[in-house]
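S.K.: Fold the following.
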Amino acid sequence: MSELNVYHHELRPNEYAEFYLKDEADKVIAELKADYKEACDRLQTANLIKDEQLAATRHNKYKRCLAMAKWCESKVYHIRRTPLCDMDEHEYWQYENDFWQRWQNRWHELAKKLKEKAK
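M.R.: Numbering: from 1, shown residues only. Next up is the predicted model:
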């Protein structure tokens with residue numbers, strides 16, 4: 001960017017007014033406007049890229065939550081039939097079933113929140 005030359009005009013003895021030539025000032029203003037427009041374009045491009053990356057990340061998280069919910073659902077159907085503690089078999093099965101159902105619901109809720117944000 002070019003610097004503006006300051007010109008002086010004597011109004012009265014020992015009193016000066018400073019001014020710039022219109023042509024020089026217009027050139028500097030045009031340069032500044034061009035730089036500003038270029039910066040705005042770069043910022044808009046960067047924001048579009050960021051939005052695309054956020055959408056892709058959100059989609060990946062959504063898919064991961066659905067996969068975890070499906071995994072929890074599969075665990076419900078493949079619970080060990082022999083308890084590992086002092087519970088009787090029915091109590092143990094109910095405890096495990098409730099545990100995996102609860103986690104499945106949590107993963108589904110998380111997936112729902114991520115899907116809503118994507119819209």
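S.K.: ranges for the strands of this structure?
M.R.: 7-12, 15-19 (DSSP state E).
S.K.: What is the least confident helix or strand in this protein?
M.R.: strand 7-12 (a mean of 75; mean pLDDT, DSSP states H and E).
S.K.: how much space between residue 73 and residue 47?
M.R.: Using CB to CB, to the nearest Å, residue 73 is found at 39 Å from residue 47. To be clear about C-beta, it is placed using only N, CA and C from the backbone, and glycine gets the same treatment.
S.K.: wait, residue 12
M.R.: Between residue 12 and residue 47 the distance is 54 Å, computed by CB to CB.
S.K.: my read: residue 104 touches residue 73, true?
M.R.: Yes - between residue 104 and residue 73 there is a contact under CB atoms under 8 Å: 5.4 Å.
S.K.: Could you check which of those two has the larger neighbour count?
M.R.: residue 104 (19 against 15; other CB atoms under 10 Å).
S.K.: Go through this protein and flag its longest helix.
M.R.: helix 22-77 (DSSP state H).
S.K.: what's the burial count for residue 62?
M.R.: Residue 62: 19 surrounding residues under other CB under 10 Å.
S.K.: and what of the one 5 residues further on?
M.R.: The local packing of residue 67 (other CB under 10 Å) involves 12 other residues.
S.K.: which residues sit against stretch 17-25?
M.R.: Residues lying outside stretch 17-25 but in contact with it, judged by CB atoms under 8 Å, 6 or more residues apart in numbering, are 2, 4-9, 11.
S.K.: Go through the residues you listed and say which is closest to residue 56.
M.R.: Nearest to residue 56, judged by CB to CB, of those is residue 2 at 43.8 Å.
S.K.: So for that closest one, what pLDDT did the model give?
M.R.: As predicted, residue 2 sits at a pLDDT of 59.
S.K.: Now do the residue nearest to residue 68 when sequence neighbours are not counted against residue 54, distance only.
M.R.: Distances taken as CB to CB, 6 or more residues apart in numbering place residue 107 nearest to residue 68, at 4.5 Å, with adjacent residues excluded. The gap separating residue 107 from residue 54 is 21 Å, by CB to CB.
S.K.: Many thanks, have a good one.
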